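**Student:** Output the structure for:
(chains A and B)
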Amino acid sequence: MVMMERQLSAQAAAPLLSVQGLSRYYGARIGCKDVSFDLYPGEVMGIVGESGSGKSTLLSCLAGHQRPDAGGLSYNGVDVLALSEAERRRLLRSDWAYVHQNPRDGLRMGVSAGGNVGERLMAVGARHYGQIRDTATDWLGRVEIAAERIDDRPSAFSGGMQQRLQIARNLVTAPKLVFMDEPTGGLDVSVQARLLDLLRGLVRDLGLSVVIVTHDLAVVRLLADRLMVMKSGHVVEAGLTDQVLDDPQHAYTQLLVSSVLQV
Amino acid sequence: MIEVRNLSKNFTLHNQGGTVLPVMVGGHLDVAAGECVGLIGQSGSGKSTMMRMVYGNYLAAGGSIRIGDVDVVTALPRDIVALRRHTLGYVSQFLRVLPRVPTIDVVAEPLLVLGTPVDAARAKAAALLERLNIPQRLWALSPTTFSGGEQQRVNIARGFAHDYPALLLDEPTASLDAVNREVVLSLIEEAKARGAAILGIFHDEPARERVCDRLVDVTSFTPGLSA
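**Tutor:** This next block holds a predicted model:
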């Protein structure tokens, strides 16, 4: 036990993801500018801000979907921006995962649920059909999809089930770092709560590091350890999630927090 | 265990003309292991503000708050997260949980995040819920629909699930009947006996008399109120 804690603290001493001065422009317009932070193993960081604040641009630069115009990005000490295309793709398939807001963007709608999960396993080298199917069944169970639905296509699933399937597809290869773009957006409130509970359990049990973009302050309060608030492409405030929400320092954060309707 | 020095706090209301409200100056207190210190002072004098700053929920303007070897005022978010997991517990007046999570898991969660096996965590949670007279038929339900008193007891069970070396209690006996109040006071006494440092707000005066070793009047740190 003591040894395990020592290993954990030794791991935690080095950041998993290190971002320095990251900027991305769309012509003369700022997408995001001069963003820096370190994300440590097991940390969940939320990025909030309204539409157009640059939070999605930042996420897509971090996840390798867009190339930043300036700044540095390193993962486990490796300069991600210097990787070859093949190395970058391998990273995206194995160590990283990306959960899209719309499950249709993260799933193959014409392939069965089991196939969606198995496909990602095969992409990292799994070949034994029986093992792939067993692992897929296990993961469907973990995201609360009944085993008898394994051969159904996601198009036959509800929105909440599709989102859970997308999460299974992403987590089956045991990634270390997961990017999430509004994972609970577009879902009914009751479905959201179930998904949040599921995500919280998975993050805790698998020790995942997560960067989650959302405009929903209730979601970050429940999921994120720390928070970055963005406005007009800039990070205006960052800190411990409940501290930023309960004692916001920046004028924009104060406005954002006080604008939430109380239920 | 808890050492507060020269603590100050301002609220800046940017959207109300940039008004700056100084709410604490020269905050100072100590809580030793095995000791319970009660915060007193009139409503609005800053008892809750002090508790929230010690927990890292409010940002201090200056000074230091040492809990073990962590200074909450300057610590990084991940150090505060680790401090809250291992060392510093907080029983607030209100339960904030995800809908649909069963009561037993709400109580077991602080143990699960520390890596306690599920069975052991649930067993500890069950023992606490039983002691706090939450009927077993409710354990599988989410506490969101429970009465105020029941929610408060679930909150207390959760706060006592892990043996934190330091504990913050905000009105732990509020809205409890005599039997459950007695259970909570015993839990506090047991925590002190195992060496926990406890800082609390108790409006219940007999409770305060019974568990607190010393009192700190926060009015002396309140600008405009201190004598």
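
**Student:** who touches the longest helix along chain B?
**Tutor:** Secondary structure of chain B read by DSSP state H shows that its longest helix is helix B:178-193. Here helix B:178-193 makes contact (C-beta atoms under 8 Å, 6 or more residues apart in numbering or on different chains) with B:34-36, B:131-133, B:149, B:153, B:156, B:160, B:163, B:167, B:169, B:172-173, B:176, B:198, B:200, B:204, B:207, B:210-211. Every residue, glycine included, has its C-beta placed from N, CA and C.

**Student:** what's the spacing between the closest residue to B:Val72 other than its chain neighbours and A:Glu119?
**Tutor:** Closest residue in space to B:Val72, ignoring its immediate chain neighbours: B:Ile65 at 4.2 Å, by C-beta to C-beta, 6 or more residues apart in numbering or on different chains. Distance, B:Ile65 to A:Glu119, using C-beta to C-beta, to the nearest Å: 51 Å.

**Student:** what does B:Gly17 give?
**Tutor:** 58 Å.

**Student:** Could you do A:Leu16 as well?
**Tutor:** From A:Leu16 to A:Glu119 the distance is 26 Å (C-beta to C-beta).

**Student:** Of B:Gly17 and A:Glu119, which one has the most company?
**Tutor:** A direct count of neighbours by other C-beta atoms under 10 Å in any protein chain shown for B:Gly17 and A:Glu119 places A:Glu119 higher, at 18 against 6.

**Student:** can you pull the contacts of the more buried one?
**Tutor:** A:Arg108, A:Val111, A:Arg169.

**Student:** Now the last one: which helix or strand?
**Tutor:** Put plainly, it is A:Arg169. Here A:Arg169, judged by DSSP states H and E, is contained in helix A:159-171.

**Student:** Dihedrals phi and psi, the residue nearest to A:Ser258 when sequence neighbours are not counted?
**Tutor:** Residue nearest to A:Ser258 in three dimensions, not counting chain neighbours: B:Asn15, with 7.1 Å by C-beta to C-beta, 6+ apart. Main-chain dihedrals, B:Asn15, degrees, to the nearest 10: phi -90, psi 10.

**Student:** What are the buried residues along stretch B:219-227?
**Tutor:** B:Thr219, B:Phe221, B:Thr222 (16 or more other C-beta atoms under 10 Å in any protein chain shown).

**Student:** Then stretch A:191-210?
**Tutor:** A:191-200, A:202-203, A:208-210.

**Student:** restrict those residues to those near chain B?
**Tutor:** By C-beta under 8 Å from any C-beta of the partner chain, the members of the buried residues of stretch A:191-210 lying near chain B are A:Ala193, A:Arg194, A:Leu196, A:Asp197, A:Arg200.

**Student:** Just the ones in helices from those residues, please.
**Tutor:** Using DSSP H, these in helices are A:Ala193, A:Arg194, A:Leu196, A:Asp197, A:Arg200.

**Student:** show me the contacts for the second one.
**Tutor:** Going back to what we said before, that points to A:Arg194. A:Glu144, A:Gly160, B:Arg100 are the contacts of A:Arg194 under C-beta under 8 Å, 6+ apart.

**Student:** Which neighbours in the sheet does the next helix or strand after the longest helix of chain B have, and how are they oriented?
**Tutor:** Sequence order places strand B:197-201 as the next helix or strand after helix B:178-193, per DSSP H and E. As defined by DSSP bridges, the strand partners of strand B:197-201 come to strand B:36-40 (parallel), strand B:166-170 (parallel).

**Student:** got a list of what the closest residue in space to B:Asp213 that isn't next to it in sequence touches?
**Tutor:** Counting by C-beta to C-beta, 6+ apart, B:Glu35 is the residue found nearest to B:Asp213 once chain neighbours are left out, at 5.0 Å. Counting by C-beta under 8 Å, 6+ apart, B:Glu35 makes contact with B:Lys192, B:Ala197, B:Ile198, B:Asp213, B:Arg214.

**Student:** And A:Gly233, by the same measure?
**Tutor:** Contacts of A:Gly233 (C-beta under 8 Å, 6+ apart): A:Ile30, A:Gly31, A:Cys32, A:Lys33, A:Ser53, A:Gly54, A:Thr57.

**Student:** start to end distance for stretch A:206-217?
**Tutor:** This stretch, stretch A:206-217, spans 24 Å end to end (C-alpha to C-alpha, to the nearest Å).

**Student:** Give me the distance between the two termini of stretch A:48-55.
**Tutor:** End-to-end distance (C-alpha to C-alpha), stretch A:48-55: 7 Å.

**Student:** List the buried residues in it.
**Tutor:** A:Val48, A:Gly49, A:Ser53, A:Gly54, A:Lys55.

**Student:** residues in contact with the spatially closest residue to the third one that is not a sequence neighbour?
**Tutor:** Same thing as A:Ser53. The shortest distance from A:Ser53 to any non-neighbouring residue, by C-beta to C-beta, 6+ apart, is to A:Met230 (4.3 Å). When contacts are counted by C-beta under 8 Å, 6+ apart, A:Met230 touches A:Cys32, A:Ile47, A:Val48, A:Gly49, A:Ser53, A:Gly54, A:Lys55, A:Leu58, A:Val236.

**Student:** And the last one, how close does it get to chain B?
**Tutor:** Pointing back at A:Val236 there. As for A:Val236, its distance to chain B is 11 Å (criterion: C-beta to the nearest C-beta, to the nearest Å).

**Student:** go on, the fourth one?
**Tutor:** Separation of A:Gly49 from chain B (C-beta to the nearest C-beta) stands at 17 Å.

**Student:** next one: the first one
**Tutor:** Applying C-beta to the nearest C-beta, one obtains 21 Å for the distance of A:Cys32 from chain B.

**Student:** so what's that residue closest to, chain neighbours aside?
**Tutor:** A:Gly54 (3.9 Å).

**Student:** I figured that neighbour hits A:Ile30, correct?
**Tutor:** Yes - with contact defined as C-beta atoms under 8 Å, A:Gly54 and A:Ile30 form a contacting pair (7.1 Å).

**Student:** TSV for the ones in helices among the ones next to chain B among the buried residues of stretch A:191-210, including pLDDT?
**Tutor:** Formatted as TSV, these follow (pLDDT from 0 to 100):
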residue	pLDDT
A:Ala193	81
A:Arg194	80
A:Leu196	86
A:Asp197	84
A:Arg200	86
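
**Student:** mind listing what the residue of the stretch 51-200 of chain A found nearest chain B touches?
**Tutor:** The stretch 51-200 of chain A approaches chain B most closely through A:Ala193 (4.4 Å), counting by C-beta to the nearest C-beta. Listed by C-beta under 8 Å, 6+ apart, the contact set of A:Ala193 reads B:Leu98, B:Pro99, B:Arg100.
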